[in-house]
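[1] need a structure here:
(one chain, ligands or ions: 2)
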Amino acid sequence: MVQRTLSIVKPDAVKKNAVGAVIRCFEDAGLRVAALKMLHLSAEEAGRFYVVHRERPFYKDLTSFMSEGPIAVLVLEGPDAIARVRKIMGATNPRDAAPGTIRALYAENIERNAVHGSDSEGSAGYEIPFFFPEIEIH
Ligand code: UDP
Ligand code: MG
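    Numbers count the residues shown, from 1 in each chain. Ligands and ions are numbered 1, 2, ... in the order given. So this is what the prediction gives:
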């Protein structure tokens, strides 16, 4: 099934000049960039994006990290895009990420882990319109 998923190049990876490298990984796997832009979230906006994690012990640090600098946000489209993007990203903790995955290559630690990808159709349905009106998705 053709799906759309939301990905973010997080502030750590943007600082490392890895925006292009991250997008390259997705494009080389056959995923299509359907929308793309950069922005700098406030801590409040980062908190709303990650609202599902609001009770987690890492929530405050996460919202501070995600608002420390600019991010690149993109919509990726393709067959089975949600699961495929998760596989290309690698595990949340880069110590567990398979060799060659984005997180194995670019993540610093479990928090500063370079990239985000929607984990389900439900979360993609929240995350894509959080950043992009339909008219900006191609
Ligand atoms: N995170 C963290 N500490 C943890 C788990 C997660 O700082 O113990 C951060 C990390 O940046 C992660 C984000 O919170 O990417 C969202 O966590 P989630 O479990 O949804 O991981 P993901 O779906 O990004 O792999
Ligand atoms: Mg997640």
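
[2] How are the helices of this protein distributed by residue range?
    Remark: helices assigned in the chain by DSSP state H are 11-15, 19-28, 43-49, 59-66, 81-89, 102-106, 121-131.

[3] which non-adjacent residue is nearest the residue nearest the centre of the chain?
    By Cα atoms, centre = their mean, the chain has its centre lying nearest to H116, at 2.2 Å. Excluding the flanking residues, the one nearest H116 by Cβ to Cβ, 6 or more residues apart in numbering is I8, at 3.9 Å. Just so you know, the C-beta spots here come from the backbone N, C-alpha and C atoms, and that holds for glycine as well.

[4] Tell me which residues touch the one you found, please.
    Residues near I8 by Cβ atoms under 8 Å, 6 or more residues apart in numbering: 71-74, 115-116.

[5] about what we covered before: correct me, but the residue nearest to the centre of the chain touches D12?
    No - at 11.5 Å, H116 does not count as touching D12 under the criterion of Cβ atoms under 8 Å.

[6] OK, contacts around the closest residue to A98 other than its chain neighbours?
    Nearest residue to A98 in three dimensions, chain neighbours excluded: G90, at 5.6 Å (Cβ to Cβ, 6+ apart). Applying Cβ under 8 Å, 6+ apart to G90 gives the contacts 96-98, 101-104, 107.

[7] Any figure for the gap between G90 and G20?
    With distances taken as Cβ to Cβ, to the nearest Å, G90 is found 18 Å from G20.

[8] Next, the contact list for the spatially closest residue to H138 that is not a sequence neighbour, please.
    In this structure, H138 finds its nearest non-sequential neighbour in A34, 5.4 Å apart by Cβ to Cβ, 6+ apart. By Cβ under 8 Å, 6+ apart, the residues touching A34 are 4, 74-77, 137-138.

[9] What is the neighbour count of G30?
    If you count neighbours by other Cβ atoms under 10 Å, G30 ends up with 10.
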